[in-house]
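K.L.:
Provided below are the primary sequence and the corresponding predicted coordinates.
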Amino acid sequence: MNSSSCIGISTMKPCCRIIISYRSFSHFGVSLSRSNNNSVIHTNLSKSHPKSVYNHEFHCCNKRSWSQDTGHKCIVNLDRRGFNVCDWNWGHARGFSSGFLADKGSSSRGVLVIPKVASDIRNHSTSVEGHVNKKGFENIYIQGGLNVKPLVIEKIETESDAAKEGKEETSSNRVEINGSKVNTKFFKGLNESTTPKVVEREVSKIEKEAWQLLRGTIVNYCGNPVGTVAANDPADRQPLNYDQVFIRDFVPSALAFLLNGEMEIVKNFLLHTLQLQSWEKTVDCYSPGQGLMPASFKVKTVPLDGSDGGFDEVLDPDFGESAIGRVAPVDSGLWWIILLRAYGKITGDYALQERVDVQTGIRLGLNLCLSDGFDMFPTLLVTDGSCMIDRRMGIHGHPLEIQALFYSALRCAREMLIVNDETKNLVAAINNRLSALSFHIREYYWVDMRKINEIYRYNTEEYSTDAVNKFNIYPDQIPSWLVDWIPEEGGYLIGNLQPAHMDFRFFTLGNLWAIVSSLGTSKQNEGILNLIEARWDDLMGHMPLKICYPALEYEEWRIITGSDPKNTPWSYHNGGSWPTLLWQFTLACIKMGKPELAQKAVALAETRLSMDQWPEYYDTRSGRFIGKQSRLFQTWTISGFLTSKMLLENPDKASLLFLEEDYELLEICVCALSKTGRKKCSRIAARSQILV
């Protein structure tokens, strides 16, 4: 690439364009004026304009001109008002028109501009960045002028170049498996000699089938892979939203591809979902917060306005306005940050994290999570249905799953953020929240026999800063099943904590991710695996793993779930068994030096998954039945199994994905408010468990 610069950053091939529909380009500080022949954009980077949004669909043109054979036409009309920079030299005049033709061989190539990422930061309301002396867009995207180096991120390749390079890199490392190519070099240990070796790994029949099915779920946009659909059952005539690409569901698929040496689909996914990070989608005229990631997106083909037979490909995101209960996803943005770090760790491509648009996307997501509110706890306050458990299940408040993902995302983001004058306040806020969050979860969510005995003897109605029973928990809340269920050696993190309420259910994802992210202490992490091993029949049964234990039954089920016919006892999210949790269990076991537990669970699942056609979940207390409404050929069941197998084959790769204990966090205490007479919170308990 020459020395000139551009504002937009794109990794897509020149034939593709994303068209963003806006009434005004307020995030870039530009306004549109319309004439009879074309649309002219006047740039003014020093002004801010009011937000007014028409639509939020991303368009891709598949052909550069109309053809009688295909009827395709690549046109950006005035209603979509595409923003395209057609000259690499910013100092020269730029032409903007209502339509353009994209030619691969053209020397004047268009550059994608993402106005949603480069938002007007001066108008943001967050708790971590003030509004004084801010320069808006210039401070984020154009530090030091328009010709600065960070804006020229990477070369835009032609399809032939990319294909040629990819062929050279991977042809010697791939083996053909039922029409599916598997990269064998990622099954070699990292400590082997750098001398090239040909490693022949025996791939089982079920793995071959799984790879073939996984590749069949890939979704393409503009001719490039961007994700995998949630399920791909050819016999399913009502796919509902299972034909969409979910951020949450794609994570195990992404890891499977990365561990197999296939990075393109993951990189495309990260960048396209970043472009969808927005806040226009509304439910009853209310807009979600800035920086929200969609739960899912779908590639749609729509007719091109004003053309005969032409069409566009569009990315249509769902921010919760189409979901069950119309709840915005809290975990999508957290999973995106976690996957971004995993991409860099596995591929070594840290340049993606350092891109200006990616850095801004991280900041927007964190600002949303760290904004001040009425809640005084360091945990995130969320509603039912905002995570993997996407229906009413009594997890409103501070569910463990979200807290564990939140903690992990904060640590990943702190690791990836470029520290400068713009981000130093954000990094400080992250450190403060990490410290408070880790102490809060370790101290108040952890239960074992000692802690249950302590709760059993709690005094209530204590009013003082020195109260032992800080949340006014009544001892009668201890459920009868817990007394005999919890082992002498072991414990777990409870599902939720609110005033006068402790949810004693065991939620698997939150506990596993607490191990992976080191949210729990080393002693607590060991205790969680001890409990799983001691209660193997309850949590694993015939198909690992229970999403929660025990199930809500009888009157409790009717009141808490609202008589949900899908969340009946021991089904779906109410005690159902989810094979996709295998990869997270495997990661936790490898971290704690107990890979044999994961091998046992994977072997158990391997006996049935293929025979049962890769179901979404299993029913009954022991997981013997395929879920009554379970989708077959569920993608994250397939990819979770593959990821587990590859992690067990190469534990060195697994070590790149989990986080070790950060001892510096134990020295930070944000609860010390000496000016108000409050005492510092004690960290003796946390430190003592670490040092044991």
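P.N.:
Yep, that arrived.
K.L.:
how close does the closest residue to Pro544 other than its chain neighbours sit to Ile532?
P.N.:
If the residues on either side of it in the chain are set aside, Pro544 comes closest to Ala601, at 4.4 Å by CB to CB, 6 or more residues apart in numbering. (Each C-beta comes from the backbone N, C-alpha and C, glycine too.) To Ile532, Ala601 is 9 Å away according to CB to CB, to the nearest Å.
K.L.:
hang on, the earlier thing: now that the residue nearest to Pro544 has come up, it's in contact with Phe585, right?
P.N.:
Yes: contact criterion CB atoms under 8 Å: Ala601 and Phe585 qualify, at 6.0 Å.
K.L.:
Those two - which one has more neighbours?
P.N.:
Per other CB atoms under 10 Å, whichever of Ala601 and Phe585 has more neighbours is Phe585, with 27 against 24.
K.L.:
Please report the distance of the more buried one from Leu276.
P.N.:
Using CB to CB, Phe585 is found at 30 Å from Leu276.
K.L.:
I'd like to know which elements the host helix or strand of Ala413 is packed against.
P.N.:
Using DSSP states H and E, Ala413 maps to helix 400-416. Where contact means 3 or more CB pairs under 8 Å, 6 or more residues apart in numbering; DSSP states H and E, helix 400-416 is packed against helix 331-347, helix 356-370, helix 424-444, strand 492-498, helix 508-516.
K.L.:
report the angle between the axes of that helix and strand 492-498?
P.N.:
100 degrees (axes from the mean of the first three to the mean of the last three CA atoms, to 10 degrees).
K.L.:
Can you list the low-confidence ranges for the stretch 551-692 of the chain?
P.N.:
669-692 (pLDDT under 70).
K.L.:
got the residue ranges for the strands in it?
P.N.:
Assigned by DSSP state E, counting those that start in this stretch, the stretch 551-692 of the chain shows strands spanning 618-619, 625-626.
K.L.:
With respect to Ala323, which of those strands lies nearest?
P.N.:
strand 618-619 (23.0 Å; CB to CB).
K.L.:
circling back to that earlier point, for the strands of the stretch 551-692 of the chain, please prepare a markdown table with the additional fields mean neighbour count and distance to Ile362.
P.N.:
Listed next are these as a markdown table, based on neighbours: other CB atoms under 10 Å; distance: least, CB to CB, whole Å:
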| stretch | mean neighbour count | distance to Ile362 |
| --- | --- | --- |
| strand 618-619 | 25 | 37 |
| strand 625-626 | 18 | 40 |
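K.L.:
closest one to Asp284 among these?
P.N.:
Nearest of the strands of the stretch 551-692 of the chain to Asp284, taken as CB to CB: strand 618-619 at 35.0 Å.
K.L.:
counting contacts, what elements does the closest one pack onto?
P.N.:
Packed next to strand 618-619, using 3+ CB pairs under 8 Å, 6+ apart, are strand 625-626.
K.L.:
And the helices in the stretch 451-600 of the chain?
P.N.:
Using DSSP state H, counting those that start in this stretch, the helices found in the stretch 451-600 of the chain span residues 480-485, 508-516, 522-534, 536-539, 554-561, 582-591, 595-606.
K.L.:
Out of those, flag the one nearest Glu422.
P.N.:
helix 508-516 (29.8 Å).
K.L.:
which parts of stretch 450-467 are buried?
P.N.:
Lys451, Ile452, Ile455, Tyr458 (16 or more other CB atoms under 10 Å).
K.L.:
Kindly report the same for stretch 295-307.
P.N.:
Buried residues in stretch 295-307, defined by neighbour count with 16+ other CB under 10 Å: Ala295, Ser296, Phe297, Lys298, Val299, Leu304, Ser307.
K.L.:
Next: stretch 352-361.
P.N.:
Leu352, Gln353, Arg355, Val356, Asp357, Val358, Gln359, Thr360, Gly361.
K.L.:
which stretches of this structure have low pLDDT?
P.N.:
1-201, 278-283, 669-692.
K.L.:
list the residues that contact both of Ala601 and Ile532?
P.N.:
Common contacts of Ala601 and Ile532 (CB atoms under 8 Å, 6 or more residues apart in numbering): Met540, Phe585.
K.L.:
Would you mind writing the CA trace of the helix holding Ala413 as PDB?
P.N.:
Below are the C-alpha coordinates for helix 400-416, written out as PDB (Å, rounded to 0.1, in the frame of the first residue of the first chain):
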ATOM      1  CA  LEU A 400     -23.000 -15.900  38.200                       C
ATOM      2  CA  GLU A 401     -22.700 -16.600  34.400                       C
ATOM      3  CA  ILE A 402     -22.700 -12.900  33.600                       C
ATOM      4  CA  GLN A 403     -20.300 -12.000  36.400                       C
ATOM      5  CA  ALA A 404     -17.800 -14.700  35.300                       C
ATOM      6  CA  LEU A 405     -17.900 -13.600  31.700                       C
ATOM      7  CA  PHE A 406     -17.800  -9.900  32.800                       C
ATOM      8  CA  TYR A 407     -14.700 -10.600  34.800                       C
ATOM      9  CA  SER A 408     -13.000 -12.500  32.000                       C
ATOM     10  CA  ALA A 409     -13.900  -9.800  29.400                       C
ATOM     11  CA  LEU A 410     -12.500  -7.100  31.700                       C
ATOM     12  CA  ARG A 411      -9.200  -8.900  32.000                       C
ATOM     13  CA  CYS A 412      -9.000  -9.700  28.300                       C
ATOM     14  CA  ALA A 413      -9.800  -6.100  27.400                       C
ATOM     15  CA  ARG A 414      -7.200  -4.700  29.900                       C
ATOM     16  CA  GLU A 415      -4.600  -7.000  28.200                       C
ATOM     17  CA  MET A 416      -5.500  -5.700  24.700                       C
END
